[in-house]
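**Student:** generate a structure from the sequence data that follows.
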Amino acid sequence: KLSERRANSAARYLLDLGVSERQVHPVGVGERELRNECGNRVPCSEAKHQENRRTEFLVVRTSDSDN
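**Tutor:** Residues are numbered from 1 along each chain as shown. Next up, the predicted model:
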């Protein structure tokens, strides 16, 4: 749920900047795509857990892009 809220928040930010709604597809992946071994109940430093708390953007150029 947290990753979904983070993704939706990032999407709202992009929409507020004027990005077209049809170009924004928020996806929260939770612990399905960790960057390291630090999942729930795994003893890791806060810095290591922070690596998994991220927002990523995939920018794809489409045929209707202006530049």
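
**Student:** what's the single longest helix in the protein?
**Tutor:** helix 2-16 (DSSP state H).

**Student:** identify each buried residue in that helix, please.
**Tutor:** Across helix 2-16, burial judged by 16 or more other C-beta atoms under 10 Å covers 3, 6-7, 10-11. To be clear about C-beta, it is placed using only N, CA and C from the backbone, and glycine gets the same treatment.

**Student:** would TSV of the residues you listed with distance to P26 be doable?
**Tutor:** As requested, the buried residues of helix 2-16 are exported to TSV (distance: C-beta to C-beta, whole Å):
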residue	distance to P26
S3	10
R6	9
A7	4
A10	7
A11	4
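
**Student:** and which of those is nearest E33?
**Tutor:** S3 (9.2 Å; C-beta to C-beta).

**Student:** which ones are touching the residue lying closest to the closest one once chain neighbours are set aside?
**Tutor:** In space, and not counting its chain neighbours, S3 is closest to G28: 3.5 Å by C-beta to C-beta, 6 or more residues apart in numbering. Contact partners of G28, counting by C-beta atoms under 8 Å, 6 or more residues apart in numbering, are 1-8.
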